[in-house]
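J.: The following comprises the amino acid sequence and a computationally predicted model.
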Amino acid sequence: MRSALLYLVLLAAGVAGILWVAQLGGAVEIRVGEAEVLVGLPVALLLLAVLFLVLHLLLAALAALGRLPARMRARRAARRRGEGDAALTRALVALAAGTPDSARIEVRRARKGLGDTPQTLLLAAEAERLAGRESAATEVFRQLAAMPEAR
């Protein structure tokens, strides 16, 4: 309620300011060489306000255009992370079901989406071990052991 009253007071002050400027009268004269433009003060202030608004919108549009590539990269990364998380879940289900081929496929998708994290490497090693590929599992376990955050 207080904010509504504050807005009404600000609106009334704005209208009073506009009426005061309209009663001022006067003119703004612009001369460039032989050309001369003469407009009333209220009209000149209105044109100045419109020019400010147009300039502000133009700069805001340029700033939004500058932020567009970063927002697209962030959206793409979020989509890739979501796909990686879903593949990670499917890989866990495939490992629990004892299907090493589908587990290896899903782990590959998870590693593509999430990168080589300790969780994805551990699942990759377990999927390789379950498939009977001990040398590949050993290699992935070595990669996992080399990661400081996996220790």
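T.: Arrived safely.
J.: now the helices: where do they sit in this protein?
T.: Assigned by DSSP state H, the helices in the chain fall at 2-24, 41-97, 100-114, 118-130, 134-146.
J.: Could you tell me the average pLDDT over the longest one, please?
T.: What it means is helix 41-97. Helix 41-97 carries an average pLDDT of 92.
J.: That helix packs against which elements?
T.: helix 2-24, strand 27-32, helix 100-114, helix 118-130 (3 or more CB pairs under 8 Å, 6 or more residues apart in numbering; DSSP states H and E). C-betas here are computed from N, CA, C, even on glycine.
J.: closest one to Gly66 among these?
T.: helix 100-114 (28.0 Å; CB to CB).
J.: Buried residues in the closest one, which are they?
T.: 100, 103-107, 109-111, 113-114 (16 or more other CB atoms under 10 Å).
J.: picking that back up, columns distance to Val32 on top of the helices of the chain, output as a markdown table?
T.: Putting the helices of the chain into a markdown table (distance: least, CB to CB, whole Å) gives the following:
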| stretch | distance to Val32 |
| --- | --- |
| helix 2-24 | 25 |
| helix 41-97 | 15 |
| helix 100-114 | 62 |
| helix 118-130 | 68 |
| helix 134-146 | 72 |
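J.: sorry, back to before: want to throw the helices and strands packed on helix 41-97 into TSV with distance to Met72 and mean pLDDT?
T.: Formatted as TSV, these follow (distance: least, CB to CB, whole Å; pLDDT from 0 to 100):
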stretch	distance to Met72	mean pLDDT
helix 2-24	37	88
strand 27-32	44	88
helix 100-114	17	89
helix 118-130	25	88
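J.: which one of the ones you listed lies closest to Leu65?
T.: Of all these, helix 100-114 comes closest under CB to CB, at 28.8 Å.
J.: Send me that closest one as CSV with only the CA atoms.
T.: Presented in CSV, the C-alpha positions along helix 100-114 are these (Å, rounded to 0.1, in the frame of the first residue of the first chain):
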residue,chain,number,x,y,z
PRO,A,100,28.2,-53.9,-20.7
ASP,A,101,27.7,-52.8,-24.3
SER,A,102,24.9,-50.3,-23.6
ALA,A,103,26.8,-49.2,-20.5
ARG,A,104,29.9,-48.4,-22.6
ILE,A,105,27.8,-46.5,-25.1
GLU,A,106,26.1,-44.4,-22.3
VAL,A,107,29.4,-43.8,-20.6
ARG,A,108,30.9,-42.5,-23.8
ARG,A,109,27.9,-40.1,-24.2
ALA,A,110,28.3,-39.0,-20.5
ARG,A,111,32.0,-38.3,-21.0
LYS,A,112,31.1,-36.3,-24.1
GLY,A,113,28.6,-34.2,-22.2
LEU,A,114,30.3,-33.9,-18.8
